[in-house]
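# Here is the input, now give the coordinates:
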Amino acid sequence: MFAPTFEVNYLLSKEFEQEGFSCDKNYRCFLCPRGTYIRENNCTECPQGGFYQDEIGAISNGHDETGCKKCPDGKFVQEGRGVSLRDCKPCPAGTNKKINAGYRACFCLQNYARNYRFGPCSICLDKGTNCSRRDYKTFQKGFFWSWNFQNANVTSYKKFVKNLKTENYTVDSNTKYEGDFPRAFECPRQTSCINTEDDLDVRCSKGYRGWLCSKCDQKFYPVFNSCLPCPRSEWLCIEVAFICCFCVIIWAVVFRLYKQERKLTRQGRSLLDIIISRGKLVLGFYQVVGEFFESVHDVNWPTAIKFIGKFVSLIELNIFRVIFRPKCVDENLQLNPKIEFMIGIMFPCTIISLSFVLYYIMKARYKYKTRSTWTSECVYIYTKKLRSSLWTGVIILLFVTYPSICTTVFQLYHGACKKFCLDMNNTTCEKRLRSDYDIVCTDLEIYHIFAYLSTVVYVIGFPVALFLLLKTRVKFSSLHGIPGPLYAINEGTGGNLPNPVDDSFIQRSYPVWMEFLCENYKPQFWYWEIVELARKVTQTVLITLLGWDNAITVVLTIAISVLFLMLHARYRPMKSTIEQLLQMFSLTAILANLFVAMMDIPDEQDDRMTVALIILNVSVLAIVVGKRFSLNNF
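Residues are numbered from 1 along each chain as shown. The predicted structure is shown next:
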């Protein structure tokens with residue numbers, strides 16, 4: 001329709017502007033054409049969305065209202081400036097066509113989102129995404145994501161979201177997001193990822209940072225995938241000093257018992273034998289449980305389980321990390337799998353090297369002190385005892401640290417990396433180390449090689465060497481009739497037969513390291529401690545390599561626990577009935593922990609399950625401690 005133009009004076013121009021005319025500075029006025037309306041003395045086009053105007057001289061209805069007519073429900077004008085009802089077209093797929101389109105191509109249906117304000121909506125099926133907000137995607141609480149990949153632009157998406165939130169004629173030009181949307185990943189500890197429905201950047205809870213919010217922030221230290229605040233420096237020093245004194249006292253007591261009970265008691269087993277035997281059972285249990293808890297990075301353990309974390313880590317001889325907490329002393333002293341691996345492979349080499357150095361130093365010292373009286377026979381006897389003592393120390397140290405060192409090796413395998421595809425189309429993927437998600441596996445090629453070499457040399461070599469040493473020693477003892485820790489027992493009661501040397505004492509003729517390894521097993525099961533070593537490592541290696549979310553891991557890990565329970569029930573390899581029952585109880589407790597990790601525990605059951613786990617995992621030690629270590633109980 002034609003809209004004539006005419007000239008008026010200043011006063012009339014102001015009157016005309018109130019009636020739908022637009023007047024320029026020369027007071028030439030004209031009616032706004034169809035598809036537009038008058039706003040602030042200018043003809044403004046009807047916006048894109050559910051609006052049109054088929055009359056001339058339309059006027060705005062208010063500050064935030066247009067002077068345009070509304071399209072019928074479920075219809076909109078794609079390009080804006082609709083001049084008739086016929087310009088209103090049906091809204092695209094995925095939109096709510098039961099209400100007015102507003103300033104867009106209709107609002108999206110529930111759980112649908114779009115990347116173009118005037119385009120279709122698509123259903124949200126991806127885990128971790130939240131489409132409860134109108135028209136745009138965010139992320140659910142407890143999930144992590146990254147915008148650091150090609151074709152993703154968080155700044156552009158924020159502008160697009162801001163545009164979608166605008167519900168008036170001032171809609172800006174950011175009506176489309178043309179980049180990719182990131183994929184969401186569930187955080188191992190969901191309470192560490194505290195993002196809200198409006199957050200487009202990841203927010204970690206206090207004390208957490210890094211990929212999946214799995215790393216501890218400054219002034220926090222890790223225990224079982226949780227981060228606890230570092231104590232004040234003075235309290236840390238007091239705690240370390242107290243625990244060190246306690247360890248020294250325990251060592252002094254054990255050493256005194258060892259010196260006093262070098263001979264067999266009347267019943268065949270000394271108090272030190274019992275302490276060593278049951279101590280190994282407790283150590284073996286907590287080594288497996290501790291490494292299992294540390295290895296299962298994809299399981300959100302019950303909340304209060306972290307309170308027994310320090311206790312279990314301490315029992316499994318993880319002294320350096322739990323007691324001294326180097327990260328609390330200096331942020332630069334933080335341990336990661338690469339540093340742990342280097343420490344792990346250096347530890348056996350250092351222990352063996354130090355034993356050789358100490359041997360020659362002690363031998364030279366002995367010769368110097370007895371330079372006026374020594375004979376070759378005396379030197380031979382002294383060096384033989386010295387070698388036996390050093391050899392015992394080396395084997396015991398390597399034995400108790402073996403599972404932990406194996407874990408440091410396994411966690412740097414190729415298979416210990418987890419693949420993360422950052423975008424929805426799986427075009428940008430990266431592999432990160434399960435034990436430390438901040439480490440990208442592409443930087444670990446040299447570590448992978450050394451991990452495989454360490455497997456051959458130490459992970460396999462150490463138990464094989466122990467087996468051959470034990471086999472040789474047992475064969476030598478049987479040929480020469482030398483009494484050893486594998487003396488006969490009463491099979492009916494599980495107790496020891498009386499010492500054939502009535503009330504007298506005989507000097508032990510076997511090395512202490514052999515006693516440590518097989519004193520608590522029946523003669524025909526002298527190799528069983530090597531089997532137990534294999535069990536400890538196998539319990540965690542599958543989890544480290546494949547992850548707990550792998551069905552093969554779950555089946556095989558539980559199968560191994562059941563298998564060893566059956567073997568112990570069938571063969572009963574231990575001399576003492578009490579120790580046999582304790583070992584079977586510890587295996588059952590490990591199996592229970594595996595089942596808990598496998599289950600999806602409802603929030604309302606979390607506290608009860610936590611209490612049950614704490615009681616279960618502490619009861620193994622409680623049973624041993626509760627049993628009075630007096631000879632009449634053995």
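
# ranges for the strands of the stretch 51-200 of the chain?
Along the stretch 51-200 of the chain, the segments classed as strands by DSSP state E, counting those that start in this stretch run 51-52, 69-70, 75-76, 89-90, 112-113, 122-123, 129-130, 138-139, 143-144, 185-186.

# The ones you listed: which one's closest to residue 425?
Smallest distance to residue 425 across those (C-beta to C-beta): 13.6 Å, for strand 122-123. (Each C-beta comes from the backbone N, C-alpha and C, glycine too.)

# Run me through the strand neighbours of that closest one, direction for each.
Counting by DSSP bridges, the strands paired with strand 122-123 are strand 112-113 (antiparallel).

# Work out the gap between the strand it pairs with and the centre of the chain.
32 Å (C-alpha atoms, centre = their mean, to the nearest Å).

# Can you tell me what sits against it?
Contacts to strand 112-113, defined as C-beta atoms under 8 Å, 6 or more residues apart in numbering, come from residues 94-95, 121-124, 131, 135-137.

# farthest pair in those?
95 and 137, at 15.7 Å, using C-beta to C-beta across these.

# any chance of the strands of the stretch 51-200 of the chain in a markdown table, with mean neighbour count too?
A markdown table is the format used below for those (neighbours: other C-beta atoms under 10 Å):
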| stretch | mean neighbour count |
| --- | --- |
| strand 51-52 | 26 |
| strand 69-70 | 16 |
| strand 75-76 | 25 |
| strand 89-90 | 15 |
| strand 112-113 | 22 |
| strand 122-123 | 14 |
| strand 129-130 | 20 |
| strand 138-139 | 21 |
| strand 143-144 | 24 |
| strand 185-186 | 18 |
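
# Could you dump the ones you listed into JSON lines with mean pLDDT and distance to residue 389 added?
Conversion of the strands of the stretch 51-200 of the chain to JSON lines gives the following (pLDDT from 0 to 100; distance: least, C-beta to C-beta, whole Å):
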{"stretch": "strand 51-52", "mean pLDDT": "94", "distance to residue 389": "93"}
{"stretch": "strand 69-70", "mean pLDDT": "92", "distance to residue 389": "95"}
{"stretch": "strand 75-76", "mean pLDDT": "96", "distance to residue 389": "89"}
{"stretch": "strand 89-90", "mean pLDDT": "94", "distance to residue 389": "90"}
{"stretch": "strand 112-113", "mean pLDDT": "94", "distance to residue 389": "71"}
{"stretch": "strand 122-123", "mean pLDDT": "94", "distance to residue 389": "72"}
{"stretch": "strand 129-130", "mean pLDDT": "90", "distance to residue 389": "63"}
{"stretch": "strand 138-139", "mean pLDDT": "91", "distance to residue 389": "60"}
{"stretch": "strand 143-144", "mean pLDDT": "94", "distance to residue 389": "52"}
{"stretch": "strand 185-186", "mean pLDDT": "92", "distance to residue 389": "52"}
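
# who wins for proximity to residue 154 among those strands?
Nearest of the strands of the stretch 51-200 of the chain (C-beta to C-beta): strand 138-139, 11.9 Å.

# counting contacts, what elements does that closest one pack onto?
Strand 138-139 is packed against strand 129-130, with contacts defined by 3 or more C-beta pairs under 8 Å, 6 or more residues apart in numbering; DSSP states H and E.

# Strand partners (parallel or antiparallel) of the strand it packs on?
Strands that pair with strand 129-130, judged by DSSP bridges, come out as strand 138-139 (antiparallel).

# Give me the contacts around the strand it pairs with.
With C-beta under 8 Å, 6+ apart as the criterion, strand 138-139 contacts 128-131, 145, 184, 195, 197-200.

# Just checking: the least confident one among those is which?
Lowest pLDDT of the contacts of strand 138-139: residue 197, 78.

# still on that earlier bit, turn the strands of the stretch 51-200 of the chain into TSV, including distance to residue 532.
Below are the strands of the stretch 51-200 of the chain laid out as TSV (distance: least, C-beta to C-beta, whole Å):
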stretch	distance to residue 532
strand 51-52	78
strand 69-70	78
strand 75-76	72
strand 89-90	72
strand 112-113	55
strand 122-123	53
strand 129-130	47
strand 138-139	45
strand 143-144	39
strand 185-186	35
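
# Give me the subset of the contacts of strand 112-113 that lies in helices.
In helices, defined here by DSSP state H, there are no members of the contacts of strand 112-113.

# Buried subset of these, written for ChimeraX?
Buried members of the contacts of strand 112-113 can be picked out in ChimeraX with the line below, counting by 16 or more other C-beta atoms under 10 Å:
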select :94,95,121,124,131,135,136,137
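
# for the contacts of strand 112-113, which one is nearest residue 249?
residue 137 (60.1 Å).

# Let's verify residue 346: helix, strand, or coil?
The three-state assignment at residue 346 reads helix, by DSSP: H, G, I helix; E, B strand; the rest coil.

# Report the contact partners of the nearest residue to residue 89 once chain neighbours are set aside.
Spatial nearest neighbour of residue 89, excluding adjacent residues (C-beta to C-beta, 6 or more residues apart in numbering): residue 75 at 6.1 Å. Counting by C-beta under 8 Å, 6+ apart, residue 75 makes contact with 50, 88-91, 101.

# Next one: residue 75 relative to residue 51, how far apart?
10 Å (C-beta to C-beta, to the nearest Å).

# picking that back up, which pair of the contacts of residue 75 spans the longest distance?
Spatial extent of the contacts of residue 75 (C-beta to C-beta) is set by the pair 50 and 90 at 11.4 Å.

# of the contacts of strand 138-139, buried ones?
128-131, 145, 184, 195, 200.

# Identify each of the helices in the stretch 301-450 of the chain and give its residue range.
Using DSSP state H, counting those that start in this stretch, the helices of the stretch 301-450 of the chain run over 309-315, 319, 326-329, 337-369, 376-410, 445-454.
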